[in-house]
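>>> Need coordinates for the following:
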Amino acid sequence: MDRYSRITAKHPREIVLLKAFPCKWGKCTFCDYIADNETDEQKIIELDSEVLSQVKGDMGVLEVIDSASCFDLPEQTLDEIHRLITVKKIDHLFLEAHWMYRHRIREMKERMGVPITFKIGVETFDNDFRQNYLNKNAGFTSPAEVAEYFDSPCLMVGIKGQTKDMIRRDIDSLKKYFRLGTINIFTDNTTPVKRDDELAEWFLDEFGWLRADPEIEVLVENTDFGVGD
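Here you go, the predicted structure:
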């Protein structure tokens with residue numbers, strides 16, 4: 001499992017994949033990422049400390065991800081991230097959180113003391129598909145509502161059951177309401193949710209221009225950021 005990498009294309013930054021306590025929701029039908037969760041706090045702290053020790057700080061920006069939300073990291077890990085900010089002179093963070101934590105974002109920004117770009121795994125703005133099929137437990141009703149709390153949504157494309165019109169609307173919403181965003185092409189995993197290869201290929205053809213958009217990061221493989229397995 002690769003847990004440290006450097007992103008040099010768009011928004012250059014170091015990125016670390018940490019361990020966290022189990023995702024407080026943990027019921028998304030498409031996600032087996034939660035298998036990286038851990039309940040033994042000491043094991044989490046030790047692994048996270050080892051990963052964070054690789055951060056050099058020379059890029060000035062750090063992204064921290066895990067298989068839950070940043071709020072599911074141990075307090076000691078969060079303290080270590082804050083220490084790194086000071087020692088390594090990091091002046092910007094990227095963090096991610098589930099919709100359920102939207103009212104705690106200000107708290108995390110105050111704790112870390114530097115500007116934070118907060119990501120959220122939206123997957124799609126289509127309420128029925130997101131809630132009833134993907135089971136996201138993210139009951140917002142519009143992209144504008146998400147934008148009140150989060151800076152950068154993560155969308156997912158190429159899932160059986162999605163349509164081209166759904167994806168078009170998602171891209172329109174992303175560009176209209178947000179300055180930054182990530183689009184992941186779904187990769188088959190251990191869940192019953194399956195990839196639609198034809199839809200994925202259509203997206204890469206129809207929206208290939210997004211790969212040159214400086215504000216949108218398109219992940220063709222889920223390891224394109226250099227972390228994970």
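>>> by contact count, what packs against the longest strand anywhere in the chain?
Counting by DSSP state E, the longest strand found in the chain is strand 116-123. Helices and strands touching strand 116-123, by 3 or more Cβ pairs under 8 Å, 6 or more residues apart in numbering; DSSP states H and E, are strand 92-96, helix 105-112, strand 152-157. No exception for glycine: its C-beta is placed from N, CA and C like everyone else's.
>>> Looking at those, spot the one closest to Arg83.
The closest of the helices and strands packed on strand 116-123 to Arg83 is helix 105-112. By Cβ to Cβ, the value is 10.8 Å.
>>> Off-centre distance for that closest one?
18 Å (Cα atoms, centre = their mean, to the nearest Å).
>>> what sits against the closest residue to Ser142 other than its chain neighbours?
In space, and not counting its chain neighbours, Ser142 is closest to Phe125: 7.6 Å by Cβ to Cβ, 6 or more residues apart in numbering. Phe125 makes contact with Ser142, Pro143, Val146, Arg169, Asp170, Ser173, according to Cβ atoms under 8 Å, 6 or more residues apart in numbering.
>>> Could you measure from Ser173 over to Pro192?
27 Å (Cβ to Cβ, to the nearest Å).
>>> Pro214 too?
36 Å.
>>> do the same with His82
According to Cβ to Cβ, His82 and Pro192 sit 40 Å apart.
>>> what about these two, which has more around it?
His82 (16 against 7; other Cβ atoms under 10 Å).
>>> isn't that one right next to Met112, touching?
Yes: counting by Cβ atoms under 8 Å, Met112 is a contact partner of His82 at 5.8 Å.
>>> so for stretch 34-46, what's the average pLDDT?
For stretch 34-46, mean pLDDT rounds to 95.
>>> where along this structure do the strands fall?
Counting by DSSP E, the segments of the chain that form strands are 4-7, 13-17, 61-65, 92-96, 116-123, 152-157, 181-185, 216-219.
>>> what angle do the fourth one and strand 116-123 make?
Here strand 92-96 runs at 30 degrees with respect to strand 116-123, directions being taken by axes from the mean of the first three to the mean of the last three Cα atoms, to 10 degrees.
>>> Now do strand 92-96: distance to the chain's middle.
Going by Cα atoms, centre = their mean, where strand 92-96 is centred and where its chain is centred differ by 10 Å.
>>> Below-threshold pLDDT in the chain: ranges please.
Along the chain, segments meeting pLDDT under 70 are nowhere present.
>>> residue at max distance from the center of it?
Centroid-distance maximum for the chain: Val87 at 25.4 Å, with Cα atoms, centre = their mean.
>>> now that residue: how far from Leu62?
12 Å.
>>> picking that back up, want to try TSV for the strands of the chain, with mean neighbour count as columns?
Below are the strands of the chain laid out as TSV (neighbours: other Cβ atoms under 10 Å):
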stretch	mean neighbour count
strand 4-7	17
strand 13-17	21
strand 61-65	22
strand 92-96	21
strand 116-123	22
strand 152-157	22
strand 181-185	22
strand 216-219	20
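>>> May I see the buried residues of stretch 156-166?
For stretch 156-166, burial by neighbour count (16 or more other Cβ atoms under 10 Å) applies to Met156, Val157, Gly158, Ile159, Gln162, Met166.
>>> Of these, just say which sits nearest to Met108.
Met156 (24.2 Å).
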